[in-house]
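Q: Return a 3D structure for these sequence lines:
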Amino acid sequence: MKSIFTSPTGKSYLIPFVLVTSLFLMWGMAHGLLDVLNKHFQVAFTMSKAQSGLVQFSTYIAYALISIPAGLFMKRFGYKKGIILGLFLYAIGAFGFIPAALLHSANPFLIALFVVACGLCVLETAANPYSTVLGPKENAAQRINLSQSFNGLGWILGPLIGGQLILGASPEDTMALTKPYIILGTATLLIAVLFFFTKLPDIKDEEEPKIKVEAQPTRSMWSHKHFVLAVIAQFLYCAAQTGVFSFFINYVTELDSSITPLTASRFLAFGGMLLFMIGRLTGSAVMAKFAPNKLLAFYSVMCCIAMVLVILELGQISLYALYITFFFMSIMFPTIFALGLSGMGIYTKKASSYIIMGVAGGAFAPMLMGFIGEQNMAIGFIVPLLCFAYIAYFAFKGYKL
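A: Purely as a prediction, here's the structure:
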């Protein structure tokens, strides 16, 4: 395993990799909490399913607004300062839940979530490409999948902690919303201090060979078709993932009325999110033997089949299909990211900003799914079905340089 963290000069990047990987855990927890907030806001603030999608909208829209500035910041000041900036924004938004709780309204919480998301966007813009370059190029997809496996652990802890502290409290108790975020804010500040006093390698983007520059004009970043298609694929993947995660609790409680939202949140943590993490862990290992695009193709086709079963509402079969979707979604984000950055050379940092901006797809899917599935949540899952179909196309053909 150590070889995937060793540079061509023999320098080990294992310690920097461990530090960067801790960030994946932190933003996984932040995202995992959203799925609990979505259901809680429907009750606490008398929102429809479409309106509760504002929880995801206020978070993921930040990626569309902040990704490019985050990339420019990284280009000028480097990855380490970008990580510290992202951590502080994360902490400010998390502690912003305290004054929001005193106002007893959804809007202040949405603003706090937006600030948290700004921090998450900066962190992801820095950590994802940083993870891909901490070792040999051919192992980039393996490293980012390994890092993302800890992101999967965060997705498990988020709904588990949030479900207990938020769904376990009275809907009128707005202070319950602050408890998980105070924990996250404190942990984030501690990690920021650790990064500040830790020396990290200054990773430079790969330079394109001078011969190519002299032989032909410099190519535009947007002339790389596989990169453009990767941005679209990432947008649709995040739309699908966010939609499935957001309305898991709604779907389960509608499929079986005897299941409470608190119990459904535990199903989400120990069922769906655990499979998501297992998928990330096994994906990193399987990718050592199979090409990333082939694995992505197989997983996306399986997600399409699972979504059809979910829409058909076949009782336990549909519930198991929904669980299986979590496993097969697991490797999509990091694999699309790695395939999209392949061969981008000096455009790596800027290109990563646009691919991260694709996360904004998560801002729109929940509201659309909520609108379509207001009376029957199962019908709303046609949205992720269409998204997975495009990802299958990207994996079979669109990824090619």
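Q: List the residues that contact Ala321.
A: For Ala321, the contact set (CB atoms under 8 Å, 6 or more residues apart in numbering) comprises Ile305, Ala306, Met307, Leu309, Val310, Leu314. Quick note: C-beta positions are derived from backbone N, CA and C, even for glycine.
Q: before we move on, which element is Phe298 in?
A: Phe298 belongs to helix 292-312 when elements are defined using DSSP states H and E.
Q: which residues sit against that helix?
A: By CB under 8 Å, 6+ apart, helix 292-312 touches 141, 240, 251, 283, 286-287, 317-318, 321-322, 324-325, 328-332, 335-336, 338-339, 378-379, 381-382, 384-385, 388-389, 391-392, 394-396, 399.
Q: Kindly recompute the last result at 6 Å.
A: Residues outside helix 292-312 that contact it (CB atoms under 6 Å, 6 or more residues apart in numbering): 141, 287, 318, 321-322, 324-325, 328, 335, 378, 381, 384-385, 388-389, 391-392, 395-396, 399.
Q: same deal with stretch 337-347?
A: 128, 140-141, 144, 205-206, 208, 221, 227, 230, 348, 351, 355, 399, 401.
Q: Which of these are buried, as a ChimeraX select command?
A: Buried residues among the contacts of stretch 337-347 (16 or more other CB atoms under 10 Å), as a ChimeraX selection:
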select :128,140,141,144,205,221,227,230,348,351,355,399
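Q: hang on, the earlier thing: check pLDDT for the contacts of Ala321 and point me to the minimum.
A: Within these, Leu314 has the lowest pLDDT, namely 94.
Q: would you say it is within a helix?
A: No: using DSSP: H, G, I helix; E, B strand; the rest coil, the secondary structure at Leu314 is coil, not a helix.
Q: Please report how far the closest residue to it other than its chain neighbours lies from Tyr251.
A: In this structure, Leu314 finds its nearest non-sequential neighbour in Ala321, 7.9 Å apart by CB to CB, 6 or more residues apart in numbering. To Tyr251, Ala321 is 11 Å away according to CB to CB, to the nearest Å.
Q: Could you do Thr325 as well?
A: Distance from Thr325 to Tyr251, by CB to CB: 11 Å.
Q: circling back to that earlier point, among the contacts of stretch 337-347, which are in helices?
A: Within those, residues falling in helices by DSSP state H are Asn128, Ala140, Ala141, Ile144, Phe227, Ala230, Thr348, Ala351, Ile355.
Q: ok, now which ones touch the first one?
A: Applying CB under 6 Å, 6+ apart, we find Asn128 in contact with Phe337.
Q: Then the third one?
A: Under the criterion of CB under 6 Å, 6+ apart, the contact list for Ala141 reads Met287, Pro292, Ala338.
Q: Against Ser131, how distant is the second one?
A: Using CB to CB, we find Pro292 at a distance of 15 Å from Ser131.
Q: Those two - which one has more neighbours?
A: Here Pro292 and Ser131 are compared on neighbour count by other CB atoms under 10 Å; more neighbours surround Ser131, at 26 against 23.
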